[in-house]
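**Q** give the three-dimensional model of this entry:
(chains A and B)
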Amino acid sequence: MIDTESANRKFEKELKSGTAALLLLGVLSEAGRPMYGYQITKEIEAAAARQGSMHIFRQGALYPVLRSMEKSGILRSEIEPSASGPPRRYYSMTEEGRGILGDWQVTWQSTRDLVDGILKGNDDV
Amino acid sequence: MSDMINEYLNSLDKALSGADPATRRDARTDAEEHLRSALDAASMESPGSPEDELVRGIIEEYGTPEEVADAYRRIEKYSTPVLARGKTNGDRTAAARFFGVLVDPRAYAAMFYMFFSLVTGIVYFTWAVTGLSLSAGFAVLIFGIPFFALFLLSVQGLMLVEGRIIEALSGIRMPRRPVASEKGLGIWRKFVSLFKDKRTWTSILYMVLQLFFGIVYFTVTVTLLALSVSFILRPFLEYTFGLPMMHIDGIDYWTPGWFMPFMVLLGIALLIATLHAARGMMRLHGRWAKYMLVR
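**A** Residues are numbered from 1 along each chain as shown, chains lettered A, B, ... in the order given. So this is what the prediction gives:
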């Protein structure tokens, strides 16, 4: 008897860690303006609500991804004081980030097509 | 107010124990920024609902401290600064290790820092000493305390920049931004917390001592560099330009012909050794800076 729940959790976790960066880049590119972490997570939540899908992303797990993308030069950030509470870090895309988003979209589409194609094949059986 | 947020931040910090202090601080500032922004937005949306309930919901969406800590650990594993990549492993031959420094970008970055630290050393020393003495002098005047507060803030800002420089050049992780002070503290309380922070004072000490280190680094590097270049260029200096090795009491000393090739080789070896020395000093300095500026 396999532990379904932990198998599901593992699958979700791996899927999430693979797609978080693409999702964040997509949100920033769509917005076209610098955003801080909370705004980005709100945006993802709203998109999930529109689709009627559940949002599987833990908001806290997105921040380290933002930081690592900044380190590798895909994003840049600026700290601005906020009227309430601690200063906020605004992230925006760099030129290189734009190019990378293009590459990633191609990879994502072909991966999705492949997975969809195979899953559809299974349905017919 | 929002004790739950502070509680959460503390357990996040505990969940990250053993991780790099800079990562822990990143995680803490990110979480604090998010939770407080979310709380603001939530209490605007539904005024009147109990704060604890709002915070509980926000934290649930943010993730448990363990989940979030896990995410930071995962990222930290493969996000060392650019120059820190490609750490050498110890199984190479001695020759490979000796000459390998020539292709190590960190060695050249360290060399740059060795020169640069004289300038920053002078600036930091002047800034710290001027700031402290003016603050002492102004203490009896009405703007004494605001002046002192501004000085402490400037120290925090300057040392953040120094940390970024050292991280870029040595690969040792340093904090990315100032610690956000707690929300809702008045200006006075903020000042007191800055004043009581041990790091403020070690930062000032670092600024003062940086002049000493800057002079040492600069002198050692320039001397070694000048020596090795003069060894390497010896054949040209002596045969082409007729400049002797030494000139003491009217007597010229020349390099014996048979020794000339060894002179050049010695120069090259010394040049490589200089790169090693710069890299080593940078590594030690990075650790020192981390101790003084982060802890």
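**Q** okay, and B:Leu270 sits in which element?
**A** Element membership of B:Leu270 [criterion: DSSP states H and E] is helix B:260-293.
**Q** let me fix that: B:Asp40
**A** Element membership for B:Asp40, per DSSP H and E: helix B:21-45.
**Q** how about that helix: buried residues?
**A** Neighbour-count burial for helix B:21-45 flags B:22-40, B:42 (criterion: 16 or more other CB atoms under 10 Å in any protein chain shown). (Glycine included, C-beta is placed from N, CA and C.)
**Q** which residues in the chain form strands?
**A** This is for chain A. Ranges of strands in chain A, per DSSP state E, are A:35-36, A:75-80, A:88-93.
**Q** actually, chain B is the one I wanted.
**A** Counting by DSSP E, the strands of chain B are B:246-248, B:251-253.
**Q** point out where the chain drops to low pLDDT.
**A** Using chain A here. A:1, A:54-56, A:84, A:123-125 (pLDDT under 70).
**Q** could you do chain B instead?
**A** B:1-2, B:77-92, B:175-185, B:295.
**Q** per-domain residue ranges of it.
**A** B:1-79, B:88-295 (automatic domain parsing).
**Q** isn't B:Leu225 right up against B:Thr274?
**A** Yes - counting by CB atoms under 8 Å, B:Leu225 does reach B:Thr274; the two are 5.8 Å apart.
**Q** the two - which one has more neighbours?
**A** Counted by other CB atoms under 10 Å in any protein chain shown, B:Leu225 and B:Thr274 do not tie: B:Thr274 has more neighbours, with 24 against 18.
**Q** how close does that one get to B:Leu141?
**A** Noted for B:Thr274: a distance of 50 Å to B:Leu141, by CB to CB, to the nearest Å.
**Q** looking at chain A, what residue ends up closest to chain B?
**A** Closest residue of chain A to chain B, CB to the nearest CB: A:Pro86 (3.1 Å).
**Q** that residue is in contact with B:Glu33, isn't it?
**A** Yes - proximity of A:Pro86 to B:Glu33 meets the contact threshold set by CB under 8 Å, at 5.3 Å.
**Q** show me what from the stretch 1-150 of chain B comes close to chain A.
**A** Residues of the stretch 1-150 of chain B lying near chain A by CB under 8 Å from any CB of the partner chain: B:26-27, B:29-34, B:36-38, B:40-41, B:61-63, B:67-68, B:70-72, B:74-76, B:78-79, B:81-82.
**Q** one more pass at 7 Å, please.
**A** Listed as neighbours of chain A in the stretch 1-150 of chain B under the rule CB under 7 Å from any CB of the partner chain: B:26, B:30-34, B:36-38, B:40, B:61-63, B:67-68, B:71-72, B:74-75, B:79, B:81.
**Q** show me what counts as buried in stretch B:283-292.
**A** Buried residues in stretch B:283-292, defined by neighbour count with 16+ other CB under 10 Å: B:His285, B:Gly286, B:Ala289, B:Lys290, B:Met292.
**Q** before we move on, back to that, ok, how many other residues are close to the residue of chain A closest to chain B?
**A** When neighbours are counted by other CB under 10 Å, A:Pro86 comes out with 22.
**Q** what do you get for A:Met69?
**A** By other CB under 10 Å, neighbour count at A:Met69 equals 25.
**Q** could you do B:Ile248 as well?
**A** With other CB under 10 Å as criterion, B:Ile248 counts 8.
**Q** list the beta-bridge partners for it.
**A** B:Ile251 (DSSP bridges).
**Q** who does the lengthiest helix in chain A touch, helix- and strand-wise?
**A** As assigned by DSSP state H, the longest helix anywhere in chain A is helix A:95-124. Counting contacts by 3 or more CB pairs under 7 Å, 6 or more residues apart in numbering or on different chains; DSSP states H and E, helix A:95-124 is packed against helix A:4-31.
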